[in-house]
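1. Okay, predicted coordinates and the sequence, questions at the end:
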Amino acid sequence: MRVPDMFISRWSRPVLIGVGAVCASALVLELAGAGRGWTLLALFLATVAAGAALWLEGAGRAPAATVVEAPATPGAPDAEKRLGDLAPLIEALPEATLLVDRDGRVVASNREARRQLQFEAQGLRLSAILRHPEILDASHDAAVDGVTRVVEYENAAPVEEHFRVYVAPIAWGEDTAALMIFHDQTTHIVTERMRADFLANASHELKTPVTSISLLIETLGGAARDDGAARERFLGLMEQQVDRMRRLIDDLLSLSKIEINEHVPPNERADMVLIAREAADAMATVARGRGVTVELVSEAAAHHVTGDRFQLTQVAQNLIDNAVKYSNPDGVVTVEIGVADGREAAADMAARRWPEASRISLLTPGAPASRRYVFLRVSDQGPGIPRRHLPRLSERFFRVERDQQAVEREGTGLGLAIVKHIVNRHRGGFAVESEPGRGSAFAIYLEQARPDAGGA
């Protein structure tokens with residue numbers, strides 16, 4: 001039976017004071033020699049009284065540590081009961097959604113959030129996942145103050161992403177939590193920017209062939225009107241310029257399409273050996289015309305990755321075409337496919353072969369470093385690329401020979417830019433090594449498809 005607090009506060013302190021007075025008196029009497037045996041009785045009574053007072057004090061008041069209630073955690077029964085009512089709704093939402101409590105801890109997330117934001121968020125604090133002050137403030141305002149906000153969120157790595165985040169308060173048991181919905185606006189924003197870039201780049205690059213065709217037409221209508229030989233030669237030049245415009249427009253459209261979907265990783269399955277073989281066969285005629293031999297090297301019949309087969313074929317064709325274009329006559333272009341255990345081993349096998357070469361990594365894979373990677377390496381025996389040009393190789397319209405004022409080779413200057421954006425969409429690596437006088441090697445490496453995805 002619990003003793004009321006008022007009784008304790010009223011009686012325990014006076015009893016203790018009385019006990020102290022009795023003990024002091026007994027001690028004085030004993031020292032004076034006048035105790036005559038009563039001292040032991042007084043001490044006994046004082047001890048009993050002190051024990052009773054302490055018992056009353058302990059019975060009426062529990063220790064402070066026993067009345068502290070542990071905060072609810074995502075795994076607590078109360079939290080699980082509250083989550084059970086909202087979990088089906090959150091999971092059914094088509095856009096990435098998080099539920100964050102008053103303490104800033106993520107208590108629920110749906111499948112789309114785990115796919116887009118690429119983390120298992122439940123139980124973690126929001127500040128450990130998203131380093132965006134406005135989103136953290138919006139979550140706090142919704143969960144604590146009940147304020148609804150809309151925040152623009154941009155993520156630049158590993159790929160560019162844009163979200164409009166709707167943050168609103170929602171009942172969470174007796175408290176309030178923040179419901180955060182991430183509306184993906186990447187496609188819209190990238191499309192608008194690509195449209196502007198396309199017009200600027202296309203108008204600049206198309207200006208030269210259009211001007212050439214205009215001058216040729218003017219010449220054919222004037223001085224060369226009756227010159228049959230000049231007319232045939234000028235018509236051939238016009239055909240070359242028209243072909244250049246066609247290839248330029250095709251590459252610009254291809255690049256724009258790739259960039260629009262760059263933030264969405266592919267989920268198909270592709271065999272890199274088959275892709276490389278088809279690309280080499282497609283380039284065989286062009287290579288023979290230049291006196292170049294294309295050799296395919298692979299230690300296995302198949303190496304599968306998770307990727308877009310059409311885009312990866314485009315990567316292989318662009319790299320082989322680039323190698324053939326810059327090879328010396330009677331040169332050899334080697335196309336090699338292999339597998340490496342770990343990211344560093346893949347980088348070594350893909351683009352760290354020549355000790356004296358200069359090299360640069362244009363992209364780094366987003367997958368864990370411990371995974372297995374499939375690499376595709378295309379090397380030539382051309383003049384090589386000076387070290388100072390390596391960082392600019394994936395820029396749009398950049399050509400080494402144009403910067404060196406050398407004879408310009410056929411091409412739009414968009415091939416390596418297309419390769420970079422495709423590999424970036426696949427969350428892969430892209431590296432280059434080159435040694436003047438020996439040649440250049442361009443390589444990509446992608447995470448190998450897992451056995452549980454259908455065999456690797």
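-> Sure thing, it's come through.
2. Pull the number of nearby residues for the nearest residue in space to T364 that is not next to it in sequence.
-> Sequence neighbours aside, G429 is the residue nearest to T364 in space, at 5.6 Å (criterion: Cβ to Cβ, 6 or more residues apart in numbering). For the C-beta atoms, the positions are set from N, CA and C on the backbone; glycine is no exception. Neighbouring residues of G429 were enumerated by other Cβ atoms under 10 Å; the total is 26.
3. what do you get for D184?
-> Look at D184: counted by other Cβ under 10 Å, it has 17 neighbours.
4. helix or strand right after the helix ranked longest in the chain?
-> Assignment by DSSP state H gives helix 186-220 as the longest helix of the chain. Using DSSP states H and E, the helix or strand that follows helix 186-220 in sequence is helix 228-260.
5. buried ones in that following helix?
-> Of the residues in helix 228-260, 234, 238, 241, 244-245, 248, 251-252, 254-256, 258-259 count as buried by neighbour count, 16 or more other Cβ atoms under 10 Å.
6. Just list the residues touching P383, thanks.
-> Neighbouring residues of P383 by Cβ atoms under 8 Å, 6 or more residues apart in numbering: 326, 328, 436-437, 439.
7. Just say helix, strand or coil for it.
-> Secondary structure state of P383, per DSSP: H, G, I helix; E, B strand; the rest coil, is coil.
8. so V297 sits in a strand?
-> Yes: under the criterion used here (three-state DSSP), V297 sits inside a strand.
9. what's near enough to touch the nearest residue to it once chain neighbours are set aside?
-> Setting aside the residues directly before and after it, V297 is nearest to E336 in space (Cβ to Cβ, 6+ apart), at 4.4 Å. Residues counted as contacts of E336 (Cβ under 8 Å, 6+ apart) are 296-298, 375-379.
10. burial measure for E356, as a count.
-> Neighbour count of E356, defined by other Cβ under 10 Å: 9.
11. Spatially nearest residue to it (excluding sequence neighbours)?
-> E435 (5.6 Å).
12. Tell me how far that neighbour lies from R105.
-> Computed as Cβ to Cβ, to the nearest Å, the E435 to R105 distance reads 54 Å.
13. Ok, G123 next?
-> Per Cβ to Cβ, G123 is found 7 Å from R105.
14. do R114 as well
-> With the distance defined as Cβ to Cβ, R114 ends up 16 Å from R105.
15. which residues does the residue nearest to V297 bridge with?
-> With DSSP bridges applied, the residues forming beta bridges to E336 are V297, R377.
16. got a pLDDT number for it?
-> The predicted local distance difference test score for E336 is 94.
17. ok, now L414?
-> According to the model, L414 scores 84 on pLDDT.
18. what's the answer for H263, then?
-> Residue-level confidence at H263 comes out at 82, pLDDT.
19. what's the burial count for the nearest residue to it once chain neighbours are set aside?
-> Spatially, and ignoring its direct neighbours in sequence, H263 is nearest to T186 (4.6 Å; Cβ to Cβ, 6+ apart). Using other Cβ under 10 Å, T186 is surrounded by 20 other residues.
20. how close does T186 sit to V294?
-> On the measure of Cβ to Cβ, T186 and V294 end up 37 Å apart.
21. now swap in A287 and tell me
-> Taken as Cβ to Cβ, the span from A287 to V294 is 5 Å.
22. Report the set of residues contacting both of the two.
-> Residues touching both A287 and V294 (Cβ under 8 Å, 6+ apart): 324, 333.
23. Mind checking which of R114 and R105 has more residues around it?
-> Here R114 and R105 are set side by side on neighbour count (other Cβ under 10 Å), and the busier one is R105, at 22 against 14.
24. what's near enough to touch the more buried one?
-> Taking Cβ under 8 Å, 6+ apart as the contact definition, R105 lies against 74, 123-126.
25. As JSON lines, those residues with secondary structure and pLDDT would be great.
-> Compiled in JSON lines, the contacts of R105 are given as follows (DSSP: H, G, I helix; E, B strand; the rest coil; pLDDT from 0 to 100):
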{"residue": "P74", "secondary structure": "coil", "pLDDT": "44"}
{"residue": "G123", "secondary structure": "coil", "pLDDT": "71"}
{"residue": "L124", "secondary structure": "coil", "pLDDT": "79"}
{"residue": "R125", "secondary structure": "strand", "pLDDT": "83"}
{"residue": "L126", "secondary structure": "helix", "pLDDT": "85"}
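26. Having no further points to raise, I will conclude here.
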